[in-house]
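**Student:** Sharing a sequence plus its predicted fold:
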Amino acid sequence: MAHPVEAVQPLAAPVTGTVVVPGSKSQTARALGAAALAPGDSVLRGTLVSEDSLLMRRALRALGAEIQVLDPPVAPPGPDLVAEARLADLLVRGPLPTQPAHAPTATSPLALDVGLAGTVARFLAPLCCQVGRPVLLDGTPRMRQRPMADLFSALEALGATVRCHQRPGSLPATLTGPLRGGQVQLPGHHSSQFLSGLLLAAPTLPQGLTVALSTPLVSRPYVDLTIATMAAFGVQVHEQPDAQGPGRPTFHVPPGQHYRPAELTIEPDASAASYVFAAAALTGSHLVVAGLTRDARQGDLAILEHLQRMGAVATDAPSGLAVAGTGRLQGLDVDLRDCSDLTQTLAVLAAFADRPSRLLGIGFIRGKESDRIGATVRQLRALGGDASELPDGLLVHPRPLRAGTLDPEGDHRAAMAFGVAGLAVPGIAIADPAVVDKTFPEYFATLRALHRLPARSGPSASPGGVRQP
Ligand SMILES: O=C(O)C1=C[C@@H](OP(=O)(O)O)[C@@H](O)[C@H](O)C1
Ligand SMILES: C=C(OP(=O)(O)O)C(=O)O
C-alpha cells in the first residue's frame, strides 16, 4: 500500500555510487508520437515507465497505434549501484490511421484522458485533428487550468474547430479537424510544448507547416529535442533564427515528408538526474547518473553547470556523469527560462547556500503542475526557509530548514526537490509521495537505497555535507 507520507532519512555520511534514473520523459513522448505515425515497426529502448508516458501510450493506442512492451532491460546488481528505476523497451507499429484530407465522418467524439501531462495534451491535440473523427481531450482539475489557448487558436487558424466545454482556451475541449496546414503565428512565451506539438503533427498536414513565433520562445532546448527526434524518424524541420525579431524564429516543415520507422535509445532523464546530482552536492557525496553523457540533447543537463557554479564538482565518469559535493554551496543568480524544470531543485539548494540566490526568467512556470513560483516560496517558508516571489522568478535567502511535512501541492518536482533536503535535514517528510509517479515512480525507493551505498572515502572525500547557514 502507498504511504500517505514519506519520511526521508538524512544520510549519516557522504556516500559514493551510481544511480539509474528513468528514461527521458520528453524524448519518450516525442519518440512515441513519431513512431506511431511511421508506417512499420520502430523500437524504442529505455523508455520512461511512469504516469505521463503511460498516458501517452494509452492515447496513441486509442488513436490506432500498436504498442508492445518488449523485455525490459535489467540493470545488473552491484553494491555500488542503485537501480530502482524501471525502463521499458517498446515496439511501436504504425501508422495510426490519419485522414487529413477529409472532414470527419464519425460524429461521436473519441474521449482521451491526458491526466496532468502537459506534453500529452499539447503533443496530441494537433494529431487528434487528423484522425477522421472528433476527439474530446480532458485531464485532471489542474490540467484544466493549465494554458491551452495559444495552441487552440493556432489549430483553428490551420483549419480545425475547437469547442471548449468549460472555459475558453482550456480543457475539456472537443477538437475536429482536419488541419490544412500553411502558415500560423504562435506566441512562444507560455510554453514551448505548443510549438513541439504542431511540429510533430506537421508531416500529416497536406500543405506543410510554417510557424512564426510572435513572442520569444521559452524552454528552447525542448524544441531542439523535437527537431532532433523528428530527424531520427526522417522528417526535416527548417529554422530561420530571429525571423520575427530576437528570440522569435520561424520554423518550416515542407509538405510531402513522411516519418520512417526507426530504432532509438532514450537518454536518461536529465531533470530526474538533477535530484541525484543535487543530493550529491548537498550531502558531500559522489554520485554518478548511469548512462548520461555530455551529448545528451536535454536542456536540463544545464544542472551540471549550475551546480559547478554553486561549488560542486561535475565530471565525466566511465559509466555516466558524476557530481561530487565539496561541503559548500554558493548562492546563484541564474536565468532558467531554458531549463525551468530545475527551479525547485535549485531553490532547495539555495536555502543551504552562502548568499542569496535569484532564479529568474520563469514567470511562465506559474502554469505548471502547481504555480511553481508561489508554491516553492510557500514550501520553503513552511520548512523555516526565507524566500519571496519576484515578477518572473524567486529570491531565496539562505536560512536553516527545519523538520516538517512538505505539501507538494500536487507537483512531482516539489516532492522530489524537497526529498533531497530530507537527506540533509532530520525530520523532513513528504506528503502525497505518490505524486512522483508522474515521472519517477521509484524516486523514494531510490532515495532510500542511497543509504545502502558505501561511504565516500579517499583523498577526494569532502569533510561532509553542506552545513546549514
Ligand atoms: O516539451 C517538453 O517535453 C517539455 C517542455 C517544458 O515545458 P514548457 O515548454 O511548457 O516550459 C518542460 O517544462 C516539460 O517538463 C517538458
Ligand atoms: C512541466 C512538467 O510537465 P508537463 O508540462 O509535461 O506536464 C514537468 O514535468 O515538470
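**Tutor:** All right, it came through fine. Ligands and ions are numbered 1, 2, ... in the order given.
**Student:** Point out where this structure drops to low pLDDT.
**Tutor:** 1-3, 72-73, 75, 104, 106, 458-464 (pLDDT under 70).
**Student:** Pick out the residue of the protein closest to ligand 2.
**Tutor:** Taking CB to the nearest ligand atom as the measure, the chain has Gly118 as its residue closest to ligand 2, at 2.5 Å. (Each C-beta comes from the backbone N, C-alpha and C, glycine too.)
**Student:** Look up phi and psi at that residue.
**Tutor:** phi -60, psi -40 (degrees, to the nearest 10).
**Student:** How much space separates it from Arg142?
**Tutor:** 10 Å (CB to CB, to the nearest Å).
**Student:** that older thread, isn't the residue of the chain closest to ligand 2 right up against Lys368?
**Tutor:** Yes. The criterion here is CB atoms under 8 Å, and Gly118 meets it with Lys368 at 7.4 Å.
**Student:** anything in contact with each of these two?
**Tutor:** Any residue near both Gly118 and Lys368 by CB atoms under 8 Å, 6 or more residues apart in numbering counts here, and that gives Arg146.
**Student:** quick revisit: could you check which of Gly118 and Arg142 has the larger neighbour count?
**Tutor:** Gly118 (23 against 16; other CB atoms under 10 Å).
**Student:** quick one: contacts for that one?
**Tutor:** By CB under 8 Å, 6+ apart, the neighbours of Gly118 are Met143, Arg146, Ser191, Gln193, Lys368.
**Student:** Does Leu217 lie in a helix or a strand, and which?
**Tutor:** Leu217 belongs to no helix or strand when elements are defined using DSSP states H and E.
**Student:** how much space between it and Val253?
**Tutor:** Counting by CB to CB - Leu217 and Val253 are separated by 17 Å.
**Student:** can you give me phi and psi for the closest residue to Leu110 other than its chain neighbours?
**Tutor:** Leaving aside its chain neighbours, Leu110 sits nearest to Val135 (5.0 Å; criterion: CB to CB, 6 or more residues apart in numbering). The phi and psi torsions at Val135 (degrees, to the nearest 10) take the values phi -130, psi 130.
**Student:** Same check on Leu70?
**Tutor:** phi -90, psi 180.
**Student:** what's the burial count for it?
**Tutor:** Leu70, neighbours per other CB under 10 Å, totals 12.
**Student:** since we're on the residue nearest to Leu110, how many residues are nearby?
**Tutor:** Look at Val135: counted by other CB under 10 Å, it has 24 neighbours.
**Student:** Specify the beta-bridge partners of it.
**Tutor:** Leu110, Leu175 (DSSP bridges).
**Student:** Now for it: which residues touch it?
**Tutor:** Residues counted as contacts of Val135 (CB under 8 Å, 6+ apart) are Pro109, Leu110, Ala111, Leu112, Cys128, Cys129, Thr174, Leu175.
**Student:** quick one: which helix or strand includes the fourth one?
**Tutor:** Using DSSP H and E, Leu112 maps to strand 110-113.
**Student:** Nearest residue to Asp341 in space, please, no chain neighbours.
**Tutor:** Nearest to Asp341 is Ser271, by CB to CB, 6+ apart, at 4.5 Å.
**Student:** again, but for Pro441
**Tutor:** Ser50 is the one closest to Pro441 (CB to CB, 6+ apart), at 5.5 Å.
**Student:** Surely that neighbour and Lys438 touch.
**Tutor:** Yes. The criterion here is CB under 8 Å, and Ser50 meets it with Lys438 at 6.2 Å.
**Student:** Of the two, which one has the most company?
**Tutor:** Ser50 (26 against 23).
**Student:** What residues does the more buried one make contact with?
**Tutor:** Pro22, Lys25, Asp437, Lys438, Thr439, Phe440, Pro441.
**Student:** so how far is ligand 1 from Pro254?
**Tutor:** 23 Å (CB to the nearest ligand atom, to the nearest Å).
**Student:** does the host helix or strand of the residue nearest to Asp341 come close to ligand 1?
**Tutor:** Ser271 belongs to helix 270-283 when assigned by DSSP H and E. No. Using CB under 6 Å from any ligand atom, helix 270-283 never reaches ligand 1; the gap is at least 6.8 Å.
**Student:** Identify all contacting residues around the following helix or strand past that helix.
**Tutor:** As assigned by DSSP H and E, the chain's next helix or strand after helix 270-283 is strand 286-290. The contact list for strand 286-290, computed with CB under 8 Å, 6+ apart, reads 14-21, 75, 81, 83, 268, 273, 276-277, 279-280, 317, 319-325, 450, 456, 460-461.
**Student:** Which of those residues are buried, as a PyMOL select command?
**Tutor:** Buried subset of these, written as a PyMOL selection, criterion 16 or more other CB atoms under 10 Å:
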select buried, resi 14+15+16+17+18+19+20+21+75+81+83+268+273+276+277+279+280+320+321+322+323+324+325+450+456+461
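**Student:** Among the contacts of strand 286-290, which are located in helices?
**Tutor:** Cross-referencing the contacts of strand 286-290 against helices under DSSP state H gives Ala273, Val276, Phe277, Ala279, Ala280, Leu450.
**Student:** Now distance to ligand 2 too, for those, in JSON lines please.
**Tutor:** Below are the ones in helices among the contacts of strand 286-290 laid out as JSON lines (distance: CB to the nearest ligand atom, whole Å):
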{"residue": "Ala273", "distance to ligand 2": "13"}
{"residue": "Val276", "distance to ligand 2": "16"}
{"residue": "Phe277", "distance to ligand 2": "16"}
{"residue": "Ala279", "distance to ligand 2": "18"}
{"residue": "Ala280", "distance to ligand 2": "21"}
{"residue": "Leu450", "distance to ligand 2": "22"}
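**Student:** does the helix or strand containing Leu55 come close to ligand 1?
**Tutor:** Leu55 belongs to helix 51-62 when assigned by DSSP H and E. No. Using CB under 6 Å from any ligand atom, helix 51-62 stays clear of ligand 1, with a minimum separation of 8.8 Å.
**Student:** picking up where we left off before, next helix or strand past the strand holding Leu112?
**Tutor:** Using DSSP H and E, the first helix or strand after strand 110-113 is helix 118-128.
**Student:** dump the residue contacts of the nearest residue to Arg146 once chain neighbours are set aside.
**Tutor:** Nearest non-adjacent residue to Arg146, counting by CB to CB, 6+ apart: Gly367, 5.4 Å away. Counting by CB under 8 Å, 6+ apart, Gly367 makes contact with Gln145, Arg146, Pro147, His190, Ser191.
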